[in-house]
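Participant: This is a predicted model, with the sequence first.
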Amino acid sequence: RLLPAARASSPAMPDHGARMILAVALVVAGAATLAHAASADALTSHLTAFARRASKDPLVDRALEAALALERRVDAMFAKVWRVVLDNFHPFVIAGPLTFAYHEAVYFGAWTPWLAMDQFEYFKRWKIQPDKTPSKEMVMKCLTKLLKSHVFIQLPMQMMFYFVAPYFGFSLAMEALPKSRDLLWQIPVFFAIEDFYFYWVHRGLHHKRVYKYVHKIHHEHKFPFGIAAEYAHPVETFFLGIGTLLGPLFFAKHMVTLWVWLFFRLVETVEDHSGYDVPWNPTNLIPFWGGAVHHDFHHKTFEGPYSSVFTWCDWMFGTDKEFRKHQLKLRGGSESLAYPAVFRGAPNERSLPSKKVD
């Protein structure tokens, strides 16, 4: 199922059945890998022991010792900060209002650099839709509705989490504080779980019988900007919020892990809606990372791709055809041989060389 313009330069794509088999195989392999370890501590201990046995090179030993020293410092910092939190706030306040305040600080803080870039003509060269800029009225309307949604929907949900969390084994206890090394594998796993869940829920929200009642609100912004990420119908907010919690519920049981995950998740979703594809963004180095390029195209076309984070679900399930065709144009007609792990071209058609591109 190749695009006509890409047949000569890109490898053959698997058909839909093969993609399904590949998806199932990846999920099973991932689950088996995680199930093999008796615990997160056992897994990380095995990895550390393997690293020590891998080489007797003094440079490797020194690097490993430096990494372990850094880990101890980070763990000590977590413990110090969490002790202050526990000493000054009731568990209900931590799980509810304090988590809400943390969410607001991270969410709007993540938007700040993208908002600043909107004020300067210089950065438009990296704007994905350079002719489209949200008006002040549009931003204020979004901000007003967003704050209402946060206060009257998200805050009550977060306050309810205090009563629900114990049933899932969640803890705020000092002795259960997670190790920073565990976060190194947990955060990527959380992203993978959330992305797979988001893909199917999001794709379902685009069904013609559902779209106009729920998801249409989010698509009021055809050229999104950072804080439009959470501009959505309450039903959508609730069901997509479940996906954010799935990873921590399966593989972590502490509020600190949830806070760290929430930081990365919020920064990612604000970036997705930023409207910019800047070359120095460190997420450009992550294979399969969709970013703003992936999601902005969805807002512009109201069709696929549907994933929130990575490109693999849309590739596996065949919902990236138009996006792939567009990226082919932005790459001067030559698709990346590593698609969908690597796919970026020019940020917009203005940035292409002046010669005609078929």
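Facilitator: Now that the structure is in, tell me what you want to look at.
Participant: How about the lengthiest helix in the chain, which residues are buried there?
Facilitator: As assigned by DSSP state H, the longest helix anywhere in the chain is helix 58-88. Residues of helix 58-88 classed as buried by neighbour count (16 or more other Cβ atoms under 10 Å): E71, F78, W82, V85. Heads up, the C-betas are built off the backbone N, CA and C, glycines and all.
Participant: The second one against S180, yeah?
Facilitator: Yes - with the criterion set as Cβ atoms under 8 Å, F78 and S180 qualify as a contacting pair; they are 6.7 Å apart.
Participant: so where is this structure shaky, pLDDT-wise?
Facilitator: For the chain, the stretches flagged by pLDDT under 70 are 1-57, 354-358.
Participant: one more time with 80, if that's ok
Facilitator: Counting by pLDDT under 80, the chain contains low-confidence ranges at 1-58, 60, 353-358.
Participant: hey, where'd the helices end up in it?
Facilitator: Secondary structure of the chain (DSSP H): helices at 16-36, 40-54, 58-88, 91-93, 99-117, 136-149, 155-164, 180-205, 234-251, 255-272, 291-301, 312-316, 321-330.
Participant: winner for burial among these?
Facilitator: A comparison of those by mean neighbour count, using mean count of other Cβ atoms under 10 Å, puts helix 312-316 on top with a mean of 24.
Participant: what's that one packed up against?
Facilitator: Contacts defined by 3 or more Cβ pairs under 8 Å, 6 or more residues apart in numbering; DSSP states H and E place helix 312-316 against helix 16-36, helix 180-205.
Participant: could you check the angle helix 255-272 makes with the longest one?
Facilitator: Just to be clear, that refers to helix 180-205. With axes from the mean of the first three to the mean of the last three Cα atoms, to 10 degrees applied, the angle from helix 180-205 to helix 255-272 works out at 50 degrees.
Participant: Helix 180-205 vs helix 291-301, what angle?
Facilitator: Between helix 180-205 and helix 291-301, the angle comes out at 10 degrees (the same axes, to 10 degrees).
Participant: any idea how far helix 180-205 is from the chain center?
Facilitator: Mean-position distance between helix 180-205 and its chain equals 7 Å (Cα atoms, centre = their mean, to the nearest Å).
Participant: try stretch 173-184
Facilitator: With Cα atoms, centre = their mean, you get 22 Å for stretch 173-184.
Participant: Can you give me the end-to-end span of it?
Facilitator: 21 Å (Cα to Cα, to the nearest Å).
Participant: ok, and what's touching it?
Facilitator: 40-41, 44, 71, 74-75, 78-79, 82-83, 86, 186, 252-254, 256-257, 260 (Cβ atoms under 8 Å, 6 or more residues apart in numbering).
Participant: what's the answer for stretch 245-252, then?
Facilitator: Contacts with stretch 245-252, where a contact means Cβ under 8 Å, 6+ apart, come from 34, 40, 168, 178, 182, 186, 189-191, 193-194, 197, 257-258, 261.
Participant: So which of the residues you listed is the closest to W114?
Facilitator: Distance to W114 across the contacts of stretch 245-252 (Cβ to Cβ) is lowest for F191, with 20.4 Å.
Participant: isn't the closest one right up against F310?
Facilitator: Yes - contact between F191 and F310 holds when scored by Cβ under 8 Å: they sit 7.5 Å apart.
Participant: quick one on the thing from earlier: which of the buried residues of helix 58-88 sit farthest apart?
Facilitator: Going by Cβ to Cβ, the pair spanning these furthest: E71 and V85, at 21.0 Å.
Participant: on that earlier part again, tilt between the longest helix of the chain and helix 180-205?
Facilitator: Calculated by the same axes, to 10 degrees, helix 58-88 forms an angle of 70 degrees with helix 180-205.
Participant: How about L330, nearest residue that isn't a chain neighbour?
Facilitator: Take L330 and drop its neighbours on the chain: the residue closest to it by Cβ to Cβ, 6 or more residues apart in numbering is G345, 3.2 Å away.
Participant: In contact with the one you found, which residues?
Facilitator: Taking Cβ under 8 Å, 6+ apart as the contact definition, G345 lies against Q327, L328, K329, L330, R331, G332.
Participant: Rebuild these as JSON lines, extending it with distance to F239.
Facilitator: Listed next are the contacts of G345 as JSON lines, based on distance: Cβ to Cβ, whole Å:
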{"residue": "Q327", "distance to F239": "29"}
{"residue": "L328", "distance to F239": "34"}
{"residue": "K329", "distance to F239": "34"}
{"residue": "L330", "distance to F239": "33"}
{"residue": "R331", "distance to F239": "35"}
{"residue": "G332", "distance to F239": "40"}
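Participant: Which member of the residues you listed is positioned nearest E303?
Facilitator: The shortest gap between E303 and any of those belongs to Q327, at 14.7 Å (Cβ to Cβ).
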